[in-house]
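Asker: Provide a 3D model corresponding to the input given below.
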Amino acid sequence: MKRIKRTICFLAVLIANSALATVHYVPEEHTTIQAAINVCADSDTVIIAPGRYSGSGNRNINFNGKAITVRSTDPGNPQIVNTTIIDCEGKGRGFVFYMAEKAGSTIKGLTITNGYALLGGAIYCYNNSSPSITNCVVKNNSAVFGGGIACANSETRPKITNCNITANAALVGGGGFYLNASSPIIKNCIISGNLAPNGGAIYSHNTGNPVIVNCTISGNVASSSAGAIYCYKSSNLTISHSILWGDTAMNASEILVGNLGAATSIRIAHCDIQGGDQNIICDTDCTVDWGQGNIDIDPHFVQPGHIDNNGSYVEGDYHLLGGSPCIDAGDPGFVAGPDETDIDGNPRILGEIIDLGVDEVIVAEVKITPKALNLTSSGDQIRCTIQLPSSYDIADVDTDSIALSIETSPSEKIGPVWSSIDEEAQKLLVKFDRSEIQEMLNGVDGLVELGVSGTLTDGTEFRGAETIRIVRGGGKK
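Answerer: As a prediction, this is how the structure comes out:
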């Protein structure tokens with residue numbers, strides 16, 4: 001009986017604490033983000049309306065050790081995230097954590113830009129602080145070390161999830177991340193277009209155990225060594241289910257494992273790494289544990305990022321095309337948690353096996369008729385049949401979302417002129433205007449892979465592809 005009473009009392013305390021939690025609004029109630037945090041108690045939430053926040057109180061923001069959440073109005077909506085902006089104006093960083101904050105100290109759905117600092121242009125975590133950073137954009141920040149995010153000290157273990165770390169720069173090391181004797185978990189993050197002399201994306205050194213999971217690391221540049229990851233002096237990284245592709249450096253385009261006073265090991269499994277293990281430079285006494293499931297095949301991004309003629313980074317689309325070798329290429333024994341998602345908020349496993357990188361894809365079976373398309377012949381329509389895996393209902397397809405494109409040029413898309421769902425056969429039949437397709441394929445000869453994409457009514461994406469032959473008058477190629 002006493003045990004039951006204790007349980008009831010404990011639950012009553014939890015309910016009371018929950019009821020006491022307060023939401024603070026910026027700028028409606030507080031003119032700055034720091035002012036809202038200052039009046040918070042543990043479990044409170046600060047909600048920031050879309051807008052650009054700058055000046056004192058909106059940079060070098062400090063949680064003061066509180067277990068609170070600071071977020072946009074809708075962290076799952078990319079448009080809201082991209083328009084809820086902390087602009088540091090080159091006069092400091094966005095957030096600093098140094099009072100041993102734990103996972104309950106959370107940033108969600110914010111864009112942090114124009115930060116500048118010695119360590120961590122946008123965010124700096126040190127002194128055993130381990131906040132949660134989710135659904136954030138860290139863009140166009142700079143620092144001496146860690147243009148985007150810096151982490152230091154052995155018990156500093158932030159969890160950085162579903163973030164886009166893009167176009168940041170470091171003067172010495174770590175365009176995206178600088179990790180010094182720390183052990184962050186970096187999961188479902190796009191790390192692209194970052195720049196540093198060493199470690200274009202990530203620079204990690206001194207004793208720590210960083211973990212990188214389901215990340216897409218691409219388009220980063222090191223003017224000296226390691227376009228993607230520079231790891232040395234006992235910084236023992238583990239990388240899994242990630243894609244490292246299209247990074248550049250004078251020395252080691254993807255990974256360098258160095259000694260510099262202490263041997264270092266790195267563990268890699270179920271990853272797609274350009275050049276494979278032969279493209280990893282490993283110093284004396286250092287080791288690369290090249291585990292199972294690693295591949296070296298073009299991941300087929302929808303559109304990789306690139307540097308334009310003005311030297312600016314143009315962001316890419318790092319979703320996977322339907323024919324990507326990274327789909328269903330992960331550990332067959334991997335079991336996703338009940339709330340685990342990809343960067344878009346889709347369930348982490350949509351097919352039979354987890355995908356590599358940030359994007360999880362439903363692969364549809366696509367059949368296009370005719371299989372040989374004469375670009376000089378007349379006709380009204382091209383037919384396409386779409387079938388989803390057996391665990392999905394074809395009736396859940398949003399037919400207005402269907403689009404056809406050339407797999408190698410996915411930016412130009414054509415929508416259908418007609419569609420019909422056959423629920424009994426679990427197939428979707430769509431028809432495209434023949435003249436539109438012929439115009440899109442003008443100049444193409446021989447075999448071409450056409451991709452078909454769409455979404456379910458809940459927003460989950462699917463993609464598929466089929467190869468057809470292009471011929472011209474008289475059946476000649």
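Asker: and V39, what does it touch?
Answerer: Shown in contact with V39 (C-beta atoms under 8 Å, 6 or more residues apart in numbering): H24, H30. All C-beta atoms are positioned from the backbone trio N, CA, C, and that covers glycine.
Asker: pLDDT score assigned to it?
Answerer: Note for V39: predicted pLDDT of 98.
Asker: and I239, bridged to which residues?
Answerer: Note on I239: beta-bridge partners I212, I268, judged by DSSP bridges.
Asker: I figured it hits I266, correct?
Answerer: Yes: the pair I239 and I266 qualifies as a contact (C-beta atoms under 8 Å) at a distance of 7.1 Å.
Asker: Neighbour count: these two, which is higher?
Answerer: Neighbour count, other C-beta atoms under 10 Å: between I239 and I266, I239 has more, with 27 against 23.
Asker: For T216, see how far away that one is.
Answerer: I239 sits 12 Å away from T216, taking C-beta to C-beta, to the nearest Å as the criterion.
Asker: Then V70?
Answerer: 26 Å.
Asker: cool, L195 as well?
Answerer: 17 Å.
Asker: just for this structure, where's the confidence low?
Answerer: Applying pLDDT under 70 to the chain flags the ranges 1-19, 473-477.
Asker: what do you get if the cut-off is 50, keeping everything else the same?
Answerer: Applying pLDDT under 50 to the chain picks out residues 1-5, 7, 10-17, 475-477.
Asker: how about the helices of the protein, start to end?
Answerer: When assigned using DSSP state H, the helices of the chain occupy the ranges 2-20, 33-38, 78-83, 434-440.
Asker: What is the neighbour count of S225?
Answerer: Counted by other C-beta under 10 Å, the residues lying close to S225 total 23.
Asker: Quickly list the domain ranges of the chain.
Answerer: According to automatic domain parsing, the chain is divided into the following domains: 20-320, 364-471.
Asker: Please identify the most buried of the ones you listed.
Answerer: With neighbours defined as mean count of other C-beta atoms under 10 Å, these peak in mean count at domain 20-320, which reaches a mean of 22.
Asker: Give me the distance between it and the centre of its chain.
Answerer: Taking C-alpha atoms, centre = their mean, to the nearest Å, one finds domain 20-320 lying 11 Å from the centre of the chain it belongs to.
Asker: again, but for stretch 360-368
Answerer: Its chain's C-alpha centre and that of stretch 360-368 lie 22 Å apart, by C-alpha atoms, centre = their mean.
Asker: Would you quantify the distance from the closest residue to D400 other than its chain neighbours to I185?
Answerer: Excluding its sequence neighbours, the residue lying closest to D400 (C-beta to C-beta, 6 or more residues apart in numbering) is G415, at 7.8 Å. Counting by C-beta to C-beta, the gap from G415 to I185 is 40 Å.
Asker: check contacts around the residue nearest to D400.
Answerer: Applying C-beta under 8 Å, 6+ apart to G415 gives the contacts D400, I402, A403, L404, F432.
Asker: correct me, but Y313 touches A169?
Answerer: No: judged on C-beta under 8 Å, Y313 makes no contact with A169 at a distance of 9.9 Å.
Asker: Which residues are in contact with T287?
Answerer: Going by C-beta under 8 Å, 6+ apart, T287 touches V257, A263, T264, S265, I266.
Asker: just checking, the second one touches V257?
Answerer: No: contact between A263 and V257 fails when scored by C-beta under 8 Å: they sit 9.4 Å apart.
Asker: what touches both of these two?
Answerer: Residues touching both A263 and V257 (C-beta under 8 Å, 6+ apart) are C286, T287.
Asker: Show me which of the contacts of T287 is closest to A122.
Answerer: I266 (25.6 Å; C-beta to C-beta).
Asker: my read: the closest one touches L244, true?
Answerer: No: the criterion here is C-beta under 8 Å, and I266 misses it with L244 at 11.9 Å.
Asker: can you list residues touching both of the two?
Answerer: Each of I255 lies in contact with both I266 and L244 under the rule C-beta under 8 Å, 6+ apart.
Asker: that older thread, nearest to N82 among the contacts of G415?
Answerer: Closest approach to N82 among the contacts of G415 (C-beta to C-beta): A403, at 22.7 Å.
Asker: Just give the nearest non-adjacent residue to the closest one, would you?
Answerer: Nearest to A403 is K413, by C-beta to C-beta, 6+ apart, at 4.0 Å.
Asker: contacting residues around the one you found?
Answerer: Residues counted as contacts of K413 (C-beta under 8 Å, 6+ apart) are A403, L404, S405, S453.
Asker: now do I149
Answerer: So I149 contacts G120, A122, I123, Y124, C125, I133, V138, I160, I165, G176, F177, Y178 (C-beta under 8 Å, 6+ apart).
Asker: same thing with D285?
Answerer: D285 touches N259, A263, counting by C-beta under 8 Å, 6+ apart.
Asker: Tell me if I'm right that T31 and G55 touch.
Answerer: No: contact criterion C-beta under 8 Å: T31 and G55 do not qualify, at 9.6 Å.
Asker: ok now do the closest residue to S105 other than its chain neighbours, which residues does it touch?
Answerer: Nearest non-adjacent residue to S105, counting by C-beta to C-beta, 6+ apart: P131, 4.2 Å away. Counting by C-beta under 8 Å, 6+ apart, P131 touches F63, F97, E101, K102, A103, S105, T106, I107, C125, P158, K159.
Asker: Just put the residues you listed in a markdown table and tack on distance to I468.
Answerer: Output for the contacts of P131, formatted as a markdown table (distance: C-beta to C-beta, whole Å):
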| residue | distance to I468 |
| --- | --- |
| F63 | 56 |
| F97 | 54 |
| E101 | 56 |
| K102 | 55 |
| A103 | 51 |
| S105 | 54 |
| T106 | 49 |
| I107 | 47 |
| C125 | 52 |
| P158 | 48 |
| K159 | 45 |
